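Peer 1: Would you be able to build a 3D model of this:
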Amino acid sequence: MASYSRKKKISIVGDSFGSGEWQFTSNSSSEKNKVTHPGLEYFLREDYGYEVSNYSYGGASMNQILQQAIENKVQNCILIVFATDSCRGMLEENKQVIDKLYVKQGYSISKIHRLLFFEWVKKLKSYAEINNCNVLLIGGHANLYDFDCPDYMQIVTKSWLSEITNQTIGDMSGMNNDAIENFIAAKKLQLDKDKQEIIEIMTQRSHRMNLMKNDVRNFYDEHHPNRDCHHDLAKKIIKIIG
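Peer 2: Predicted coordinates for the structure are as follows:
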C-alpha cells in the first residue's frame, strides 16, 4: 500500500466532475452551466490543509485528462484523477479505432469502450510511476472497469454517481451524443446485436439522466454532483491519505 504521510501536495486532473459544483445561471436570454463552487479542491485545502492544484476542465477526454498532468509537470504528489467516458472525443483522437475495430473487425461498442479504458490506464500507470505520483482514481462522469492496481494507485470509488444515487449507473451511460453518432454513422446497423447494443446504451443513458434530473438535492444542474457530494468525497479521500 502506498504511503501518503509525507505528501501534502495534491494535484487534481479531470473533466467537469473534477472542476466542482455546477449550477444553471441565467445569462441574458438563456440559461447556462457554470462552476459555482470549487468542490473537492476547496475542501481538501480549507478543511484539511493540503496544497491543491486543480487542472480539470469541462468536456476533457481521457487523453486530455492525462495531458493536464503532463503539461503542468505534475510530479512528487498525490494525483487525484476524475475519469471520464473512454469514448469522449474519439472522433478527433480515435477515428482509426472505429474504422479498424468497429467497421472492419466487428468489435462491439462495449468491447471498444473497455479497450480504450485499459489503454488509458496503462498510460496513467506509466506516468505515475515515472513521476513519483500516488494516484487516487475516481469513477466520476464514467464508471471504472476492474483492473489490477499497482501499489502507487488506489480506487476511491468505481462509480461516484452510483454511490450518490444509491442505484446502479450503467458503464455505458456516460457516452455522449457525438460518440454514439460516430459509431452509427460508421456503418449501417444491420445486425440485431448491433441494434440491441444501441438500445442498451440509450436505456442506460435515460436511466442516468432521469435520476439526476429528479434529484435536485444532489444535482443542482441535473448533471454534476453538488458541493455536499464533493464534501463527502473529500472525507472519503482523507480516510485514505490521512
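
Peer 1: By average pLDDT, which secondary structure element in the chain comes out worst?
Peer 2: Every helix and strand of the chain was ranked by mean pLDDT, DSSP states H and E. The lowest is helix 90-93, at a mean of 66.

Peer 1: Give me the next element, helix or strand, following it.
Peer 2: Sequence-wise, the next helix or strand downstream of helix 90-93 (DSSP states H and E) is helix 95-97.

Peer 1: Buried residues in that next one, which are they?
Peer 2: For helix 95-97, a neighbour-count test (16 or more other CB atoms under 10 Å) marks V97 as buried. C-betas here are computed from N, CA, C, even on glycine.

Peer 1: residues in contact with that helix?
Peer 2: The contact list for helix 95-97, computed with CB atoms under 8 Å, 6 or more residues apart in numbering, reads 90, 112, 116, 182.

Peer 1: so which of those comes closest to G49?
Peer 2: Using CB to CB, L116 comes nearest to G49 of the contacts of helix 95-97, at 37.1 Å.

Peer 1: residues contacting the nearest residue to the closest one once chain neighbours are set aside?
Peer 2: Sequence neighbours aside, S86 is the residue nearest to L116 in space, at 4.0 Å (criterion: CB to CB, 6 or more residues apart in numbering). Counting by CB under 8 Å, 6+ apart, S86 makes contact with 62, 113-114, 116-117, 120, 142.

Peer 1: which SSE is V74 in?
Peer 2: Following DSSP H and E, there is no helix or strand that holds V74.

Peer 1: How many residues are close by it?
Peer 2: Neighbour count for V74, taken as other CB atoms under 10 Å: 21.

Peer 1: and if you look at N33?
Peer 2: 16.

Peer 1: before we move on, what about the one 3 residues further on?
Peer 2: For T36, the neighbour count with other CB under 10 Å is 16.

Peer 1: could you measure the residue of the chain positioned farthest from its centre against G106, distance?
Peer 2: Residue farthest from the centre of the chain, counting by CA atoms, centre = their mean, is Q190 at 31.7 Å. As for Q190, its distance to G106 is 11 Å (criterion: CB to CB, to the nearest Å).

Peer 1: would you list every one of the helices in the chain?
Peer 2: Remark: helices assigned in the chain by DSSP state H are 16-19, 40-46, 62-71, 90-93, 95-97, 109-130, 160-165, 177-186, 192-213, 227-241.

Peer 1: and the ones you listed, which is most packed in?
Peer 2: helix 16-19 (a mean of 25; mean count of other CB atoms under 10 Å).

Peer 1: Show residues contacting that helix.
Peer 2: Residues contacting helix 16-19 (CB under 8 Å, 6+ apart): 12, 22, 35, 38-40, 54, 56-60, 80, 82, 84, 138, 140-141, 160, 223-225.

Peer 1: I appreciate the help and will end here.
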